[in-house]
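[1] Any chance you could fold what I've pasted below:
(one chain, ligands or ions: 2)
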Amino acid sequence: MTMQKILDAIQSPDSTPGDFAALPLPESYRAITVHKDETELFAGLETRDKDPRKSLHLDEVPVPELGPGEALVAVMASSVNYNSVWTSIFEPLSTFGFLERYGRLSELTKRHDLPYHVIGSDLAGVVLRTGPGVNAWKPGDEVVAHCLSVELESSDGHNDTMLDPEQRIWGFETNFGGLAEIALVKSNQLMPKPGHLSWEEAAAPGLVNSTAYRQLVSRNGAGMKQGDNVLIWGASGGLGSYATQFALAGGANPICVVSSPEKADICRAMGAEAVIDRNADGYRFWKDEQTQDPKEWKRFGKRIREFTGGEDIDIVFEHPGRETFGASVYVTRKGGTITTCASTSGYMHEYDNRYLWMSLKRIIGSHFANYREAWEANRLIAKGKIHPTLSKVYSLEETGQAAYDVHRNLHQGKVGVLALAPEEGLGVRDEEKRAQHIDAINRFRNI
Ligand SMILES: C/C=C/C(=O)SCCNC(=O)CCNC(=O)[C@H](O)C(C)(C)COP(=O)(O)OP(=O)(O)OC[C@H]1O[C@@H](n2cnc3c(N)ncnc32)[C@H](O)[C@@H]1OP(=O)(O)O
Ligand SMILES: NC(=O)C1=CN([C@@H]2O[C@H](COP(=O)(O)OP(=O)(O)OC[C@H]3O[C@@H](n4cnc5c(N)ncnc54)[C@H](OP(=O)(O)O)[C@@H]3O)[C@@H](O)[C@H]2O)C=CC1
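    Ligands and ions are numbered 1, 2, ... in the order given. Take a look at the predicted model:
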């Protein structure tokens, strides 16, 4: 009943900030969780056989207490990120260790250390309550949230908040995440919801768009410039679909790698001309578990040169990790950059260091984005320069299936989840701007 009143207020065009502030908060809400007593659920199974549908639960959980500098947000929609896949299969670690460590920090952070973990690192929704010290946001504000949680009590993070020693990813290393009807965030995670998008479209880009922005565009990452040849692994996936758009919008030359003709078509539809189907070409960078095959790196490099008129790669946008890293280092030009934010296929990388030092290449580690970078990435979405890559939308009950699809690489772009939103397509405030970009907004839908 209380939740219905919240939803009614969000859907009524006449609601005022005062109306939202006066709404009673429910005592509990529905949330996607993993359970601390199930962390051994998949012991002994291969990674690919660990099934998120078994470990992700839809539970009724208490609304957390609101602290200083925080906000409670009614979540209309969220999205599945790969970090939720990692959480659901308890790899590389169970996330309960993160919550325990955070809980030891202060009286307030103790709230996070619970026998259940509400997961999810994206949301679009409406602010319900703000804690003491929050002035920039008020009840009723329509927002998206980025997933950087920082304490900023140390000097270390004050040039770049990603360097704060207490830097965490919300909904992964903290509790009360976005795959739920209500979420608890720090107010410095909030950003305006782009008005031309529906709730589920607005919730889709956040984490991956911000990450791709820092990794590829920001001076903290590769600092991409016009004309750069950018090799993008998984170019139609979560990160890759934004990296491809940044490369195109920034006057660079993306060389997109995908694994099917359908995915190749999506890259072409985004405007990319150089697209490599790694399945069709049959690259085998590893001869066996221990041995790479430099001849295959070279064959891959030749294919890239066919597209570039003989040039090599200025920037590699890396995340598959062990499987591709040796090839990524090899195909980079002298002085070029390999920027990495993940290791989906394995975190113990191996590459031939002679090709790195003799050719003065650089490897840059990149992780999510600071508030400013997330803000700039969101601003590009709001301006219609970069578009959501939402393909399919699930209900909160179906989150396990949504995470399964991402785990098994059955999805395209981003997979959305409706939380309080009763149906897709709601929350659009700027129909005129939407009409200008409608084809791009729908490019990934239902493929
Ligand atoms: C936005 C979305 C992002 C993604 O999707 S990313 C993909 C998903 N994320 C992941 O897969 C990452 C998951 N996290 C991890 O795997 C682990 O999280 C890390 C490997 C990143 C870190 O592990 P830890 O156990 O926290 O670090 P340690 O350094 O091995 O252990 C901490 C203890 O080691 C001490 N230590 C640290 N550095 C040193 C050093 N240089 N020399 C000696 N000791 C060191 C510390 O003090 C502390 O000690 P004390 O346990 O006693 O507190
Ligand atoms: N550090 C950070 O801040 C962040 C890290 N990440 C991490 O990045 C990784 C990717 O995330 P995301 O893009 O959202 O995931 P997606 O699954 O949406 O996309 C990844 C794409 O990578 C490609 N890929 C997967 N495995 C391989 C492989 N072995 N070799 C070559 N290509 C492969 C696939 O494309 P195809 O099959 O078409 O080639 C897949 O679609 C995850 O591990 C995630 O945890 C994500 C966001 C932020």
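[2] Residue in the stretch 101-250 of the chain with the shortest distance to ligand 1?
    residue 169 (4.7 Å; CB to the nearest ligand atom). From N, CA and C alone the C-beta is placed, and that goes for glycine too.
[3] er, the chain actually
    Ligand 1 sits closest to residue 83 of the chain, with a gap of 3.6 Å, by CB to the nearest ligand atom.
[4] Can you tell me the element that residue falls in?
    helix 82-88 (DSSP states H and E).
[5] What lies in contact with that helix?
    Contacts to helix 82-88, defined as CB atoms under 8 Å, 6 or more residues apart in numbering, come from residues 34, 50, 52, 55-56, 92, 95, 117, 119-121, 169, 171-172, 179, 207, 238, 342, 344, 400, 403, 406-407.
[6] Assign the residue lying closest to residue 399 once chain neighbours are set aside to helix, strand or coil.
    Sequence neighbours aside, residue 32 is the residue nearest to residue 399 in space, at 4.7 Å (criterion: CB to CB, 6 or more residues apart in numbering). What DSSP: H, G, I helix; E, B strand; the rest coil gives for residue 32 is strand.
[7] Dig out what residue 32 forms beta bridges with.
    Taking DSSP bridges as the rule, residue 32 bridges to residue 58.
[8] neighbours of it, just the number please.
    31 (other CB atoms under 10 Å).
[9] which residue packs closest to residue 30, ignoring adjacent ones?
    Nearest residue to residue 30, sequence neighbours excluded (CB to CB, 6+ apart): residue 181, at 5.1 Å.
[10] returning to what we had before: near ligand 2, from the contacts of helix 82-88?
    Contacts with ligand 2 within those, as defined by CB under 6 Å from any ligand atom: 207, 238, 342, 344, 406.
[11] biggest helix in the chain by residues?
    Counting residues, the longest helix found in the chain (DSSP state H) is helix 294-308.
[12] just how off-centre is it within its chain?
    In this view, helix 294-308 has its centroid 30 Å away from the chain centroid, taken as CA atoms, centre = their mean, to the nearest Å.
[13] need the next SSE after that helix, C-terminal direction.
    Immediately after helix 294-308, counting by DSSP H and E, sits strand 313-318.
[14] now that following strand, how far from the chain's geometric center?
    For strand 313-318, the separation from the chain centroid amounts to 19 Å (computed by CA atoms, centre = their mean).
[15] Pairing partners for it, with directions?
    strand 229-232 (parallel), strand 332-340 (parallel).
[16] Now do the same contact list for residue 220.
    By CB under 8 Å, 6+ apart, the contact list for residue 220 reads 160, 162, 214, 366, 370, 373.
[17] wait, doesn't residue 386 sit right on residue 379?
    No. Assessed by CB atoms under 8 Å, residue 386 is found out of contact with residue 379, at 9.4 Å.
[18] So for the two, which residue has more residues nearby?
    Per other CB under 10 Å, whichever of residue 386 and residue 379 has more neighbours is residue 386, with 23 against 14.
[19] For residue 92, see how far away residue 78 is.
    Remark: distance between residue 78 and residue 92 (CB to CB, to the nearest Å) = 23 Å.
[20] of those two, who's got more company?
    Ranked by neighbour count (other CB under 10 Å), residue 78 and residue 92 place residue 78 first, with 36 against 10.
[21] Is there contact, residue-wise, from the host helix or strand of the more buried one to ligand 2?
    Using DSSP H and E, residue 78 falls within strand 70-80. No. Strand 70-80 lies out of reach of ligand 2 by CB under 6 Å from any ligand atom, never closer than 8.7 Å.
[22] And that strand, what does it pack against?
    Judged by 3 or more CB pairs under 8 Å, 6 or more residues apart in numbering; DSSP states H and E, strand 70-80 is in contact with helix 2-11, strand 123-130, strand 182-186, helix 199-203, helix 399-407, strand 414-418.
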